[in-house]
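In: let's see this in three dimensions:
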Amino acid sequence: MYRLTFFIGILLFGLSCSQPKLSIERSPSRMVNKDGVHVGVYSFEEFKPFLKAPNDSIYVLNFWATWCGPCVKELPYFEKLQANYKDKGVRVILVSLDFLKQLEDKLVPFMQKKQLKSEVIVLDQKGGTDWMSEIEESWEGALPATIIYKGNKRVFNAKSYDYEELEAELKPFL
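Out: The predicted structure is shown next:
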């Protein structure tokens, strides 16, 4: 019994001394799991950590919606970027601005049809679009919009990309 208590004490001490991992992961306010598709719904407050991660990864945040033609057209380029650069510390997050009431009936089937492999989250836009100026002062809400950042280095564009443009935008961060 003494040995078991001693072992548990050493284990707990070791755990208490270990440094926590820095992460941008936050629990969404709602999680949708339908037909093998998992989508987290985030309030803007819950989403804020995605805008400035305290690590060495390169983040590509693409704001899009299923009803936005240019957004849908460029999605394959973000998918290709994720596939080609995931081993180089690139993390693509597709931030859907679709309407919450259409999440299960429109967004989830769209994701299945397009076979999206990148992480998709939904931003709950309760309270309007005041949050956009916190992302970029000059952003007036045009979609698609993309942020690429690593540490304090950051670029924002409210425009659509082809793959070559997107890759060229990423290169300075590698």
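
In: so what's the residue count around the nearest residue to residue 97 once chain neighbours are set aside?
Out: The shortest distance from residue 97 to any non-neighbouring residue, by C-beta to C-beta, 6 or more residues apart in numbering, is to residue 65 (4.7 Å). C-beta: built from backbone N, CA, C; applies to glycine. By the measure other C-beta atoms under 10 Å, the count of residues near residue 65 is 20.

In: list the residues that contact residue 65.
Out: 71, 96, 97, 98, 143 (C-beta atoms under 8 Å, 6 or more residues apart in numbering).

In: among the residues you listed, which are in strands?
Out: Mapping these onto strands (DSSP state E) picks out residue 96.

In: among the contacts of residue 65, which ones are buried?
Out: 71, 96, 97, 98, 143 (16 or more other C-beta atoms under 10 Å).

In: surely residue 148 is within a strand?
Out: Yes - checked against DSSP: H, G, I helix; E, B strand; the rest coil, residue 148 lies within a strand.

In: my understanding was that it contacts residue 173; is that so?
Out: Yes - the pair residue 148 / residue 173 is scored as a contact, 6.2 Å apart, by C-beta atoms under 8 Å.

In: so for those two, which residues contact both of them?
Out: Common contact partners of residue 148 and residue 173 (C-beta under 8 Å, 6+ apart): residue 58.

In: strands of the chain, start to end?
Out: So, for the chain - with DSSP E - the strands run 30-34, 37-42, 58-64, 90-96, 119-123, 145-150, 153-157.

In: middle-most residue in this protein, spatially?
Out: Nearest to the mean C-alpha position of the chain, by C-alpha atoms, centre = their mean, lies residue 93 at 3.1 Å.

In: give me the pLDDT for it.
Out: Here the pLDDT value assigned to residue 93 is 97.

In: do the same with residue 89
Out: 95.

In: who are the contact partners of it?
Out: Listed by C-beta under 8 Å, 6+ apart, the contact partners of residue 89 are 56, 57, 58.
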